[in-house]
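Engineer: Predicted coordinates and the sequence they were generated for:
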Amino acid sequence: MNFERQILLLCLVLLFAGCVHRTAVHAQPTRSGAPAGDSYTYSFYETLSDYPLDQTLKACIDSDPGTSGVTRCYDKLLEQYEGQLNRNYERTLKLLDPAAREQLESSQALWHRHMKLEFELIEAQYEDLEGTQYQQLMAIERLILVRNRCLALHMYAQALAADRE
């Protein structure tokens, strides 16, 4: 993994680790063919919160802790977060006045386009690399993107619901 990617991953970890409650569980994939002692650590688990889907991920990984198993867990959770994102979006829409609803619809359309482009970028940056750890990194990056939008919509709905439901 080149230096720029290591810095990017470090920045992502620091950004997300500061945003949510942390739990100390670690995944430590190593580069294929890397010299002894030359590895990187991605502690996505430290960014997990008490949000119910995050707890589902912890249980899944505990039951299948290998690299491929963890990747399957990330992919499964991504699907669950996509479903929850849609439910949070619909709930938020119902709580907004017409002008704000229109803004959220526009924002969500732009976010969805952004998500598609980010997924393409994630695929492109790892396409020539071999090793299951890169599949895991792609899964983590996709999951973080969708999870963050899901949690943002959840917070919008929670704030509005406190005032309107």
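Structural biologist: Looks like it came in fine.
Engineer: low-confidence ranges in this protein?
Structural biologist: The chain contains residues with pLDDT under 70 at 1-50, 165.
Engineer: the longest helix in it is where?
Structural biologist: Among the elements of the chain assigned as helix by DSSP state H, the one spanning the most residues is helix 132-164.
Engineer: buried stuff in that one?
Structural biologist: Residues 133-151, 153-154, 156-157, 160 are the ones in helix 132-164 that count as buried (16 or more other CB atoms under 10 Å). For glycine as for every other residue, the C-beta is placed from the backbone atoms N, C-alpha and C.
Engineer: Give me the helices and strands touching it, please.
Structural biologist: If you count contacts as 3 or more CB pairs under 8 Å, 6 or more residues apart in numbering; DSSP states H and E, helix 132-164 packs onto helix 3-17, helix 67-95, helix 98-126.
Engineer: I'd like these as TSV, with distance to residue 58 and mean neighbour count appended.
Structural biologist: Formatted as TSV, the helices and strands packed on helix 132-164 follow (distance: least, CB to CB, whole Å; neighbours: other CB atoms under 10 Å):
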stretch	distance to residue 58	mean neighbour count
helix 3-17	16	13
helix 67-95	9	18
helix 98-126	23	13
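Engineer: which stretch among those helices comes nearest residue 60?
Structural biologist: Nearest of those to residue 60, taken as CB to CB: helix 67-95 at 3.8 Å.
Engineer: helices or strands up against the closest one?
Structural biologist: helix 52-63, helix 98-126, helix 132-164.
Engineer: Relative to residue 92, which of those helices is closest?
Structural biologist: Closest approach to residue 92 among the helices and strands packed on helix 67-95 is made by helix 132-164 (4.5 Å; CB to CB).
Engineer: what angle separates the closest one from helix 98-126?
Structural biologist: Here helix 132-164 points in a direction 170 degrees away from that of helix 98-126 (axes from the mean of the first three to the mean of the last three CA atoms, to 10 degrees).
Engineer: before we move on, back to that, quick one: the helices and strands packed on helix 67-95 as CSV, columns for distance to residue 74 too.
Structural biologist: Rendered in CSV, the data for the helices and strands packed on helix 67-95 read as follows (distance: least, CB to CB, whole Å):
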stretch, distance to residue 74
helix 52-63, 7
helix 98-126, 12
helix 132-164, 4
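Engineer: who wins for proximity to residue 90 among these?
Structural biologist: For those, the distance to residue 90 is smallest for helix 132-164, at 9.2 Å, taking CB to CB.
Engineer: List phi and psi for residue 96.
Structural biologist: phi -90, psi 150 (degrees, to the nearest 10).
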